[in-house]
Structure formats: C-alpha cells, structure tokens
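> sequence-free structure coming up:
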C-alpha cells in the first residue's frame with residue numbers, strides 16, 4: 001500500500017527523474033573477454049552465469065575483473081570448470097526466459113543468476129517478478145538439468161549515487177521488496193539459494209557511472225558465490241549427457 005501511495009503521489013516527479021538519469025548517466029560497455037571456456041583441475045563442474053549487465057560485467061575493464069572471471073579464478077583450483085556466461089545489458093527476467101528458450105539444451109551443475117534491477121526500473125510488481133523467477137528456475141531444471149541455482153540478491157539501489165532523491169529511495173524500497181520475496185522463494189524452491197550482495201557506501205568500489213559494480217564489488221560477490229558452491233561440492237557434479245528439452 002505504501003508503495004502504491006508513493007507511486008501515485010510522486011509519479012510525475014519520478015518519471016522526470018528517470019528520464020534525466022537515462023539522459024546523463026554514462027553508458028558503459030560490456031567488458032571484452034571470453035564468455036565460455038574450460039579451466040582448472042579436479043572434479044568437473046559445469047557453471048552458467050546468467051542475467052543482466054552486472055552478470056555481463058559492466059563496470060569492469062575486462063571479463064577477468066568482472067563476476068565471471070573472478071568466479072572462475074576462485075573455483076579453478078578445486079574444479080575442472082566448464083563455464084559459460086549468458087548475459088545482456090538491460091535484460092529482464094522475462095527477456096532471459098526467452099533467451100533460455102532459444103538456447104540448445106545442455107547440462108549445467110550450477111547456475112548463478114543476476115536479475116531484477118531492470119524489472120524494478122520497468123515497474124514489474126514483486127508478485128509477478130517472483131512468478132517469472134519460478135518459471136526461470138523450472139526451465140533451468142527441466143531443460144538444463146541444473147542441480148543448484150544461486151539467486152543473487154538485488155544490489156542496494158538506495159545507495160546508487162547515479163540516482164537522485166526521491167527516485168533513489170523509491171527504487172531502493174522496491175529492490176528491498178524484491179529481495180524479501182526472492183529470499184522467501186529460495187527457501188521453498190528445492191536446490192535454490194539466495195545469495196546476498198554486500199555493497200559498501202564507498203563510491204570507489206562502484207563503476208564511475210554510479211550505477212554498476214566495480215571490480216572490488218565483483219570480487220566480493222564472486223567470493224560469496226564460490227563459498228556457496230564449495231559448500232555443496234560433495235554432491236556428484238557430472239552426470240553425462242544433457243537432458244532432453246521439454
């Protein structure tokens with residue numbers, strides 16, 4: 001109810017601020033570098049990182065400094081890591097569902113997602129967004145055989161320097177609602193875990209656009225994910241051919 005009242009009361013101002021932010025915020029490119037490969041030694045682990053501009057590494061100079069590169073570096077001492085990045089700037093959860101539906105079936109042991117910021121800015125309600133997330137997890141299981149899906153939390157949008165007030169507080173409150181809903185969903189969805197994203201208020205840790213993570217944030221995020229993956233490494237990680245698409 002509070003969110004609805006805020007939307008009604010502040011709607012015209014929020015719309016103007018949103019247009020202003022899009023006009024003045026630098027558009028950063030997705031960093032160059034490989035988006036799939038095989039690295040390391042040990043038991044085989046097939047890893048997919050999936051999602052939006054943060055998954056794609058925007059804010060880092062190279063993929064090596066981004067989430068995928070730092071996660072590969074953290075895991076390759078323990079695993080024969082077969083990894084792939086499927087991410088695009090601006091992607092919503094619905095966009096990502098379409099991307100997965102168009103992909104060939106293959107098996108992944110662990111999938112890491114980074115989704116939600118574009119759903120927040122697009123006005124998707126938490127209830128509908130969680131329904132999208134449920135479809136996403138179901139597709140990852142049936143088409144891609146994912147044993148473990150790590151659902152990354154939305155970043156604290158109320159701390160984004162690029163956003164003026166009251167837009168920052170409004171989007172931050174909605175991101176918090178998303179995170180509350182996502183955490184509850186992960187607790188009831190078999191094989192899923194919610195991974196919090198801890199970001200300090202130090203602007204030096206963010207990209208210069210004031211909206212995306214910088215390499216220090218990507219490093220901390222990759223460390224949290226690696227710990228989650230290692231904590232569940234006792235289960236069999238390689239089970240043959242990809243499942244048939246449903």
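Sure thing, it's come through. These numbers come from a predicted model, not from an experiment.

> got the contact list for the residue nearest the centre of the chain?
Among the residues of the chain, the one closest to the centroid is residue 114, at 0.6 Å (C-alpha atoms, centre = their mean). If you count contacts by C-beta atoms under 8 Å, 6 or more residues apart in numbering, residue 114 has them with 49-52, 54-55, 67, 87, 152. All C-beta atoms are positioned from the backbone trio N, CA, C, and that covers glycine.

> For beta bridges, what are the partners of it?
residue 51 (DSSP bridges).

> where's it relative to residue 91, distance?
According to C-beta to C-beta, to the nearest Å, residue 114 stands 9 Å off from residue 91.

> ok, now residue 225?
Where residue 91 is concerned, residue 225 sits at a distance of 19 Å (C-beta to C-beta).

> And residue 105, by the same measure?
From residue 105 to residue 91 the distance is 20 Å (C-beta to C-beta).

> Could you do residue 107 as well?
22 Å.

> more crowded one of the two?
Set residue 107 next to residue 91 and count neighbours by other C-beta atoms under 10 Å: residue 91 wins out with 24 against 18.

> Reduced to three states, what does the more buried one come out as?
Counting by DSSP: H, G, I helix; E, B strand; the rest coil, the backbone at residue 91 sits in coil.

> How about it, nearest residue that isn't a chain neighbour?
residue 52 (4.6 Å; C-beta to C-beta, 6 or more residues apart in numbering).

> so what's that neighbour up against?
Contacts for residue 52 were tallied using C-beta under 8 Å, 6+ apart; they are 87-92, 96, 114-118.

> sorry, back to before: shared neighbours of residue 114 and residue 91, which are they?
51-52.

> okay, and for this structure, where does confidence drop off?
1-11, 18, 20, 198-204, 234-246 (pLDDT under 70).

> Residue 76: what's its closest spatial neighbour, skipping adjacent residues?
Closest to residue 76 by C-beta to C-beta, 6+ apart is residue 40, at 3.0 Å.

> Give me the neighbour count for the one you found.
Neighbour tally, residue 40, other C-beta under 10 Å: 18.

> do the same with residue 197
Residues contacting residue 197 under the criterion other C-beta under 10 Å number 18.

> for it, helix, strand, or coil?
Applying three-state DSSP: residue 197 is coil.

> ok, now how distant is the residue nearest to it when sequence neighbours are not counted from residue 212?
Nearest non-adjacent residue to residue 197, counting by C-beta to C-beta, 6+ apart: residue 153, 4.7 Å away. Look at residue 153 and residue 212: by C-beta to C-beta, they are 16 Å apart.

> what separates the residue nearest to residue 91 from residue 138, distance-wise?
20 Å.

> How about residue 107?
For residue 107, the distance to residue 138 - C-beta to C-beta - is 16 Å.

> just residue 171 next, same as before
28 Å.

> So the two - more neighbours on which side?
Neighbours were counted for residue 171 and for residue 138 using other C-beta under 10 Å; residue 171 has more, 22 against 13.

> what's that one in contact with, if anything?
Neighbours of residue 171 in contact, by C-beta under 8 Å, 6+ apart: 120-121, 157-158, 160, 163.

> and which of the residues you listed is nearest residue 33?
Comparing these against residue 33 with C-beta to C-beta picks out residue 160 as the nearest, at 25.1 Å.

> residues of stretch 175-182 that come out buried?
By neighbour count on 16 or more other C-beta atoms under 10 Å, the buried set for stretch 175-182 is 175-179, 181-182.

> so can I have CSV of those residues showing distance to residue 19 and secondary structure?
Below are these laid out as CSV (distance: C-beta to C-beta, whole Å; DSSP: H, G, I helix; E, B strand; the rest coil):
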residue, distance to residue 19, secondary structure
175, 20, helix
176, 24, helix
177, 23, helix
178, 23, helix
179, 26, helix
181, 28, helix
182, 28, helix
